[in-house]
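Undergrad: how would this look folded up:
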Amino acid sequence: MGFQSQEGQVGFKTQAEEGTYADPGTDGVFMRTRSGALGPNRELLIPDPEIGGNRDVPDAYLGAVAFVGDFEFYARTRSFATLARAALGQGTSEAEGTEGAHKHTITPATGPLPWLSVEEAIGEGFDVFHYTDAKVNTLHLEAEANGYLMGTVGLIARLQEAGHIKTAAPAVDVNPMIVGTNISILMGGITLPARSFTFDLNNNLEDDDFRLGSFFLGGLVEKRREFTASVSIRPEDSSLWRRAVYGDPSAVTPGGLVVKEDLAIVCETYEPAGGAILHAIKVAAPQVALQPFEVDPSGDDIIEHDIDIQFLRPDPAVDIASIEVVNATTAIA
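TA: Reported below is the predicted structural model:
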């Protein structure tokens, strides 16, 4: 007896409005996951000791609840487009070429993030949950040179219902996966000799807005948005170190300004989405700066740097970043 994890499933669909569940089984997207689930963030409320009572806990109640969790996955272009739009806020879709490929350009919204509905089946027969009013709190991508492009999405949901029936024969994203040999990192138009990379978006959602008279979160408010990336490289000279620590690759002493250049992370499949146009996930930022870092030689090891990259938005009229997804789907679920 027991429940085999692989028999579960998870699907997403963007809601038309707050508070109304949008069934992922109808024009939504289901994705394969490596691990993870949404779960209750809830405490048993136990009273403090009282004078006149005794040494034992007299009673307990259940407190308010939020539903929080991460899903780890191999990044595929159809489901990632839905998660990226939920994380940034808005997206447009258009045909790319004439043979079935479509480009989805996802950019930060000026208003609140869209709500997602989530269907989550745990195992085969454990339970099936419907989540309403979920938002993407964090979105992460990573890859090594000899590995797959992998992602993690962190969600927070306001409402959960158990006891549903899972969607039969769901529309699962089975688009091709992406490997490190088809990934390039460019800064200032120059390809970095990266051995690995990470990309992170954090919406810093407020997850404790509980209200009197209710078990559930009153809202999910986005606070400061943070974009960061990192690369691991074996340097050919000290120019990147001087740029990060001194503020200029040609400087010989520390200064106060930083070099700001554009960054592009380009991830493509071997397989086409239509014609000669490949499935792709591309992250672009018009201005980034390097975090200062240390050189760490050790024994006979080859010198290698882990460099953190901070995204910047000095001009409010220019988006801090955008994500472009190319696949064979005409719209984002």
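
Undergrad: okay, CA-based contacts and neighbour counts for the rest of this
TA: Will do.

Undergrad: now do the strands in the stretch 101-250 of the chain.
TA: For the stretch 101-250 of the chain, the strands defined by DSSP state E, counting those that start in this stretch cover 102-108, 116-122, 127-144, 150-161, 183-187, 190-191, 194-202, 226-233.

Undergrad: out of the ones you listed, deepest packed?
TA: Highest mean neighbour count of those: strand 116-122, a mean of 26 (counted as mean count of other CA atoms under 10 Å).

Undergrad: how about that strand as PDB, C-alpha atoms only?
TA: The C-alpha trace of strand 116-122 is given here as PDB (Å, rounded to 0.1, in the frame of the first residue of the first chain):
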ATOM      1  CA  LEU A 116      -3.500  31.700 -11.000                       C
ATOM      2  CA  SER A 117      -5.700  28.600 -10.400                       C
ATOM      3  CA  VAL A 118      -3.900  25.400  -9.700                       C
ATOM      4  CA  GLU A 119      -5.100  21.800  -9.800                       C
ATOM      5  CA  GLU A 120      -2.800  19.500  -7.800                       C
ATOM      6  CA  ALA A 121      -3.300  15.700  -7.600                       C
ATOM      7  CA  ILE A 122      -1.100  14.100  -4.900                       C
END
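
Undergrad: what lies in contact with it?
TA: 5, 7-15, 21-24, 37, 86, 127-135, 166 (CA atoms under 8 Å, 6 or more residues apart in numbering).

Undergrad: let's see that with 7 Å instead.
TA: The contact list for strand 116-122, computed with CA atoms under 7 Å, 6 or more residues apart in numbering, reads 5, 8-15, 21-22, 24, 127-135, 166.

Undergrad: so where do the helices sit in this structure?
TA: Applying DSSP state H to the chain gives helices spanning 77-88, 239-245.

Undergrad: and G274, which of these is closest to it?
TA: helix 77-88 (13.3 Å; CA to CA).

Undergrad: CA atoms only: put the closest one into PDB for me.
TA: What follows is helix 77-88 as a C-alpha-only set of coordinates in PDB (Å, rounded to 0.1, in the frame of the first residue of the first chain):
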ATOM      1  CA  THR A  77       8.500  26.300 -23.200                       C
ATOM      2  CA  ARG A  78       4.700  26.000 -23.000                       C
ATOM      3  CA  SER A  79       4.400  25.700 -19.200                       C
ATOM      4  CA  PHE A  80       7.200  28.100 -18.600                       C
ATOM      5  CA  ALA A  81       5.500  30.900 -20.500                       C
ATOM      6  CA  THR A  82       2.500  30.600 -18.200                       C
ATOM      7  CA  LEU A  83       4.700  30.800 -15.100                       C
ATOM      8  CA  ALA A  84       6.800  33.600 -16.500                       C
ATOM      9  CA  ARG A  85       3.700  35.800 -17.300                       C
ATOM     10  CA  ALA A  86       2.300  35.100 -13.800                       C
ATOM     11  CA  ALA A  87       5.700  36.100 -12.300                       C
ATOM     12  CA  LEU A  88       6.100  39.300 -14.300                       C
END
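
Undergrad: tally of neighbours for G111?
TA: By other CA atoms under 10 Å, the residues close to G111 number 9.

Undergrad: for it, which non-adjacent residue is spatially closest?
TA: Using CA to CA, 6 or more residues apart in numbering and skipping residues adjacent in sequence, the residue nearest G111 is G89, 7.9 Å away.

Undergrad: do the same with G91
TA: Nearest to G91 is I106, by CA to CA, 6+ apart, at 4.1 Å.

Undergrad: check contacts around the one you found.
TA: Neighbours of I106 in contact, by CA under 7 Å, 6+ apart: R85, L88, Q90, G91, T92, S322, I323, E324.

Undergrad: before we move on, what about T105?
TA: Listed by CA under 7 Å, 6+ apart, the contact partners of T105 are G91, T92, S93, I323, E324, V325.

Undergrad: same check on P297?
TA: I303.

Undergrad: who's in contact with the closest residue to A229 other than its chain neighbours?
TA: Closest residue in space to A229, ignoring its immediate chain neighbours: F199 at 4.3 Å, by CA to CA, 6+ apart. When contacts are counted by CA under 7 Å, 6+ apart, F199 touches H140, L141, E142, T228, A229, S230.

Undergrad: R76: which of those residues is nearest?
TA: Closest approach between the contacts of F199 and R76, by CA to CA: L141, at 11.4 Å.

Undergrad: now the closest one. Nearest residue, chain neighbours left out?
TA: Once flanking residues are discounted, L141 sits nearest to G151: 4.4 Å by CA to CA, 6+ apart.

Undergrad: Q291 and R242 touch, don't they?
TA: No: Q291 is beyond contact range of R242, at 11.1 Å (criterion: CA atoms under 7 Å).

Undergrad: of those two, which one has the most company?
TA: R242 (19 against 15).
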